[in-house]
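**Q** Sharing a sequence plus its predicted fold:
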Amino acid sequence: EGTAAGFRLEDLPVRDDLRGKAPYGAPQLEVPYALNTNENPYAPSEELAAALARGVADVARGLNRYPDRDATRLRAALAAYLDHDLDVREVWAANGSNEVLQQLLQVFGGAGRTAMGFEPSYSMHPIITEVTGTAWVGVPRTADFTIDLDAAKDAIARHRPDIVFLTSPNNPTGTALPLEVIREIAAVAPGMVVVDEAYAEFRREGTPSALSLLPDHPRLIVSRTMSKAFAMAGARLGYLAANPAVVDALQLVRLPYHLSAVSQIVALTALEFSDELLGAVKQLREERDALVAWLRDHGFTVADSDANFVMFGEFADRAAVWRGLLDHGVLIREVGPAGWLRVTVGTPEEMSAFRDALLRVTADPP
Ligand code: PMP
């Protein structure tokens, strides 16, 4: 037993299965152009900011009391927003979709259980899986980042996963899944199927949401977030739609009063501004399509994107390109398969800075 000085993480009796693990860590750097975490570049309007402040002032007078434990008004508003004839009992909300996913793992995963995902995909899926003591099975996607149905069915038959993650549109590739793939996987999966639709609102015309499958699939879950389309990443509000039995099951693990009264009123207020907020989404989708076309025109390989980010390459030394962009004040993300980089779609000004920096960096490799 030494002194507190020099005491390190390694000296603590941390759970054996957590030893040596690295935390999630997208860099949070102060840069002129932050295009690395798929945030929405458009801050709330003055009108929305004022409405948020009024809402918070109202609930401030009642903060001596616990919030509505069931977040009933908010869940009803989210159900109405999803526009699929959903009842409040079919919607659940938590602090970011990450917390929604963690609660799902706490209910349907755990020791002796398995979750499966199709990689490359969202890095938090395996992290949340393993932190809850669940085993992770990663199945590779095809060369064009879609899911091969036969390979998926084989892997499901072999591992009998308790949870299957389908991310659509997928992060970091931007790939959306055809409804048929989701339906076929749901038909053979022995447990729960979670469709992570964090980027749903950015889908291109004709790409469907899995919400329409819910009435026929009681073990299907669609998770969403207000972090992206609603430009509310700082508010931490994620939600899901599923059979009411799934929402009942989640009550077993959710902490009492997990969603603060402040979070609830902030999310409700943002939902009242959906029209305004979704208008900016349309602009971002157009900016995304223009970026994909520009990158292809300039000889880069680009994955089709239904999201608010674009994965492009391929670079012999992607770390050097990433660093070169950062030297020009542009922070993007070094994720995905070797040789690829991911850039978040920003404002026209941000995209112009990105394009200029990319041309400089790749014309004159560092
Ligand atoms: N799912 C996917 C696929 C994501 O990319 C993200 C955020 N990067 C999340 C879930 C989590 O978002 P949040 O917790 O902010 O809702």
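**A** Sure thing, it's come through. Remember, it's a predicted structure, so these values are computed and weren't measured experimentally.
**Q** Tell me the residues of the stretch 201-350 of the chain that contact the ligand?
**A** Selection of the stretch 201-350 of the chain residues close to the ligand by CB under 6 Å from any ligand atom yields 225, 227, 233, 238. From N, CA and C alone the C-beta is placed, and that goes for glycine too.
**Q** what about 5 Å?
**A** Contact residues, the stretch 201-350 of the chain versus the ligand (CB under 5 Å from any ligand atom): 225, 227, 238.
**Q** Narrow those residues to those in strands?
**A** 225, 238 (DSSP state E).
**Q** Contacts made by the longest helix along the chain with the rest, please.
**A** Longest helix in the chain, counting residues (DSSP state H): helix 274-297. Residues outside helix 274-297 that contact it (CB atoms under 8 Å, 6 or more residues apart in numbering) are 40-42, 45, 47-48, 81, 201-202, 204, 229-231, 270, 302, 304-305, 307-310, 312, 343, 345-348, 351, 355.
**Q** count of residues packed around residue 84?
**A** Using other CB atoms under 10 Å, residue 84 has 14 neighbouring residues.
**Q** Now do the contacts for it.
**A** 211-212, 214, 241.
**Q** Can you say which two of these are spatially most distant?
**A** Between any two of those, the greatest separation by CB to CB is 10.8 Å, found for 212 and 241.
**Q** The two: who's more crowded?
**A** Legend: neighbour count by other CB under 10 Å for residue 212 and residue 241, higher for residue 241 (27 against 11).
**Q** how's this protein carved up into domains?
**A** 9-45+276-363, 59-273 (automatic domain parsing).
**Q** returning to what we had before: generate a ChimeraX selection restricted to the buried entries among the residues of the stretch 201-350 of the chain next to the ligand.
**A** What follows is the ChimeraX syntax selecting those of those that are buried according to 16 or more other CB atoms under 10 Å:
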select :225,227,238
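**Q** Tabulate the residues of the stretch 201-350 of the chain next to the ligand in a markdown table, adding columns for distance to residue 90.
**A** Putting these into a markdown table (distance: CB to CB, whole Å) gives the following:
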| residue | distance to residue 90 |
| --- | --- |
| 225 | 17 |
| 227 | 21 |
| 238 | 16 |
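**Q** With pLDDT added, can I get the residues of the stretch 201-350 of the chain next to the ligand in CSV?
**A** Listed next are those as CSV, based on pLDDT from 0 to 100:
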residue, pLDDT
225, 98
227, 98
238, 98
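**Q** Neighbours of residue 111, how many?
**A** 9.
**Q** meant to ask about residue 317
**A** Applying other CB under 10 Å, we find 12 residues neighbouring residue 317.
**Q** got a pLDDT number for it?
**A** Looking at residue 317, its pLDDT is 97.
**Q** before we move on, the earlier item: out of the contacts of residue 84, the closest to the ligand would be?
**A** Among the contacts of residue 84, residue 241 lies closest to the ligand (CB to the nearest ligand atom), at 14.5 Å.
**Q** What about residue 14, how many residues nearby?
**A** Neighbourhood size, residue 14 [other CB under 10 Å]: 12.
**Q** repeat for the one 5 residues further on
**A** Residue 19 is surrounded by 10 other residues when neighbours are defined as other CB under 10 Å.
**Q** And it, how far from residue 4?
**A** In this view, residue 19 and residue 4 are 21 Å apart by CB to CB, to the nearest Å.
**Q** Could you do residue 174 as well?
**A** Taking CB to CB, one finds residue 174 at 47 Å from residue 4.
**Q** ditto for residue 191
**A** With the distance defined as CB to CB, residue 191 ends up 45 Å from residue 4.
**Q** for residue 18, same thing?
**A** 22 Å.
**Q** ok, residue 174 and residue 4, which is more surrounded?
**A** For the pair residue 174 and residue 4, the greater number of neighbours falls to residue 174 (26 against 5), based on other CB under 10 Å.
**Q** residue contacts, the more buried one?
**A** Contacts of residue 174 by CB under 8 Å, 6+ apart are 303-307, 309-311.
**Q** What is the linear distance spanned by stretch 175-184 between its boundary residues?
**A** Chord length of stretch 175-184, first to last residue, is 18 Å (CA to CA, to the nearest Å).
**Q** And stretch 321-332, by the same measure?
**A** First residue to last in stretch 321-332 (CA to CA) measures 10 Å.
**Q** swap in stretch 333-347?
**A** Using CA to CA, the two ends of stretch 333-347 sit 17 Å apart.
**Q** What lies in contact with that stretch?
**A** For stretch 333-347, using CB under 8 Å, 6+ apart, the contacting residues are 26, 33, 35-39, 41-42, 120, 123, 172-173, 284, 287-288, 291, 303, 308-316, 318-319, 321-322, 332, 351, 354.
**Q** Which positions within that stretch qualify as buried?
**A** 333-337, 340-346.
**Q** and if you look at stretch 224-244?
**A** Neighbour-count burial for stretch 224-244 [16+ other CB under 10 Å]: 224-233, 235-243.
**Q** Kindly report the residues of the stretch 1-150 of the chain close to the ligand.
**A** Counting by CB under 5 Å from any ligand atom, the stretch 1-150 of the chain sits next to the ligand at 96-98, 122.
**Q** Point out where the chain drops to low pLDDT.
**A** For the chain, the stretches flagged by pLDDT under 70 are 1-2, 364-366.
**Q** who's in contact with residue 10?
**A** Counting by CB under 8 Å, 6+ apart, residue 10 touches residue 19.
**Q** Make sure it is indeed in a helix.
**A** Yes. Looking at residue 10 with DSSP: H, G, I helix; E, B strand; the rest coil, it is inside a helix.
**Q** What's the separation between it and residue 212?
**A** Counting by CB to CB, the gap from residue 10 to residue 212 is 49 Å.
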